[in-house]
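In: quick one, fold the following:
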Amino acid sequence: MKSYKCLHCENVVKSEYIRKKIRCPYCGSKILYKVRSTATEVKAV
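Out: Numbers count the residues shown, from 1 in each chain. Predicted coordinates for the structure are as follows:
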């Protein structure tokens, strides 16, 4: 499941809500960004 985060209030917004409106349901902000997982470093041997 994809999730987005509001730039203004920092709350997590589920992708199901984004399909209906492109606004934060908590504060009404229109600026949302995708939450990315942390990168894993792999060392070559």
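In: tell me which residues in stretch 8-17 are buried?
Out: Going by neighbour count (16 or more other Cβ atoms under 10 Å), the buried part of stretch 8-17 is residue 13. Just so you know, the C-beta spots here come from the backbone N, C-alpha and C atoms, and that holds for glycine as well.
In: straight-line length of that stretch, end to end?
Out: Start to finish, the residues bounding stretch 8-17 are 17 Å apart (Cα to Cα, to the nearest Å).
In: what's the answer for stretch 4-24, then?
Out: End to end - Cα to Cα - stretch 4-24 spans 9 Å.
In: what's the mean pLDDT across it?
Out: Taken as a whole, stretch 4-24 has an average pLDDT of 86.
In: which outside residues touch that stretch?
Out: The contact list for stretch 4-24 (Cβ atoms under 8 Å, 6 or more residues apart in numbering) reads 1-3, 25-27, 29-35.
In: residue ranges of the helices in this structure, please?
Out: 15-20 (DSSP state H).
In: return the distance of stretch 23-38 from the chain's centre.
Out: From the chain centre to the centre of stretch 23-38 is a distance of 5 Å (Cα atoms, centre = their mean, to the nearest Å).
In: same thing with stretch 19-39?
Out: With Cα atoms, centre = their mean, you get 5 Å for stretch 19-39.
In: and residue 5, how far is that from residue 28?
Out: 15 Å (Cβ to Cβ, to the nearest Å).
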